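**Q** Pasting the sequence and the predicted coordinates here, then a few questions.
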Amino acid sequence: MDQSSSLKFLGSWADSHTHRVRLALKLKGLVFEYQEEDSVNPSPALLLHNPIYKKVPALLHDGRPVVESLVILQYIDETWTDNPIMPADPFERAIVRFWCHFADDKLGPAVGLVFSSAGEGQKAAVDQVHGNLKLLERELRDGAFKGRRFFGGDNIGMLDIVLGCGSYWLAVFEEVMEVKLVDPDTFPLFHAWLRDFEEQKEVKETIPPIDKLLEYARGIRQMMLSLSTDTSTSTTTIGAPATGSTTSNNDAAVEEIGLLQESLAL
């Protein structure tokens with residue numbers, strides 16, 4: 001009996017964490033039912049299966065939910081052992097887990113800050129991204145991943161999935177925000193890895209078209225700018241905050257932007 005026949009996956013088309021799980025399922029050759037979710041207005045099913053975080057992705061296997069992308073990736077690899085995405089050696093597995101957490105705790109937030117800031121704050125965020133990429137470049141040059149085509153070796157592994165399903169936002173942000181994040185001269189190994197990753201058949205089938213991503217990012221950026229303008233003008237002549245619907249609408253917009261920004265992170 002095909003165990004994958006009982007898989008259902010709840011995700012959102014622009015969410016990088018959704019892309020991680022979708023790519024892993026493709027690499028494993030698993031069949032699944034997909035349910036598109038609104039990241040701002042989660043369905044009753046998503047609220048039922050992920051009541052703690054109330055967000056995608058969520059994987060249902062035989063009706064049992066597994067949530068949070070890193071947890072889901074490890075669950076998939078342990079449940080369906082063909083085409084492994086984690087190394088067999090426990091020490092190498094530990095290294096992969098460490099750099100996966102680095103992507104979520106350090107690199108991803110820095111990239112998100114580039115998108116949500118301006119002026120000197122944005123410059124500092126760009127410097128943060130560059131500092132994090134230098135660490136990855138060093139690992140590719142001299143560290144645990146030296147001489148490898150992918151972080152996983154000859155084939156895409158878990159760290160490739162985690163870093164790659166999100167790194168395409170770097171190019172999107174470069175165009176939308178007019179900043180340079182991945183300079184091929186400064187980060188030649190990371191740049192070459194990313195280009196190779198993006199050319200893989202399963203990756204092309206997973207990542208949305210660049211024009212659609214650009215439109216999405218520009219829409220969120222415009223929403224942020226509009227909110228900033230509304231906030232600066234929603235005061236009375238004596239400087240007191242306006243009351244009533246304007247405040248509540250702004251609060252709702254802030255919440256929506258925060259949820260959408262999460263989907264832009266690595």
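**A** Perfect, thanks for sending it.
**Q** what's in contact with stretch 142-152?
**A** Applying Cβ atoms under 8 Å, 6 or more residues apart in numbering, the external contacts of stretch 142-152 come out as 85, 87, 92, 95-96, 99, 139-140, 154, 156-160, 163, 193, 196-197. Using the backbone N, CA and C atoms, a C-beta is placed for each residue, glycine as well.
**Q** Actually, stretch 73-89.
**A** So stretch 73-89 is in contact with 3-4, 20-21, 24-25, 27-30, 59, 61, 66, 93, 96, 152-153, 155-158, 161-162, going by Cβ under 8 Å, 6+ apart.
**Q** mind running it again at 6 Å?
**A** Among residues not part of stretch 73-89, those counted as contacts by Cβ atoms under 6 Å, 6 or more residues apart in numbering are 24, 27-28, 66, 93, 157-158.
**Q** nearest to P208, of those?
**A** For the contacts of stretch 73-89, the minimum distance to P208 (Cβ to Cβ) is 17.1 Å, reached by A24.
**Q** separation between the closest one and V126?
**A** To V126, A24 is 30 Å away according to Cβ to Cβ, to the nearest Å.
**Q** cool, A45 as well?
**A** A45 sits 39 Å away from V126, going by Cβ to Cβ.
**Q** Of the two, give the one with the bigger neighbour count.
**A** V126 (20 against 15; other Cβ atoms under 10 Å).
**Q** How far away from the center of its chain is the helix or strand hosting that one?
**A** In this structure, V126 is located in helix 119-142 according to DSSP states H and E. Distance, stretch centre to chain centre, for helix 119-142: 17 Å (Cα atoms, centre = their mean, to the nearest Å).
**Q** quick one, helices of the stretch 151-266 of the chain?
**A** If you assign secondary structure with DSSP state H, counting those that start in this stretch, the helices in the stretch 151-266 of the chain sit at 158-177, 188-198, 201-206, 210-233, 245-264.
**Q** rank those by pLDDT, which is bottom?
**A** Taking each of the helices of the stretch 151-266 of the chain in turn, the one with the lowest mean pLDDT is helix 245-264, at a mean of 54.
**Q** For K26, see how far away D77 is.
**A** Computed as Cβ to Cβ, the D77 to K26 distance reads 14 Å.
**Q** neighbour count winner among these two?
**A** Summary of the neighbour comparison: D77 and K26, criterion other Cβ under 10 Å, with D77 having more neighbours (20 against 16).
**Q** hang on, the more buried one in a helix?
**A** Yes - residue assignment for D77, taken from DSSP: H, G, I helix; E, B strand; the rest coil, places it within a helix.
**Q** contacting residues for L170?
**A** Counted by Cβ under 6 Å, 6+ apart, L170 has contacts 181-182.
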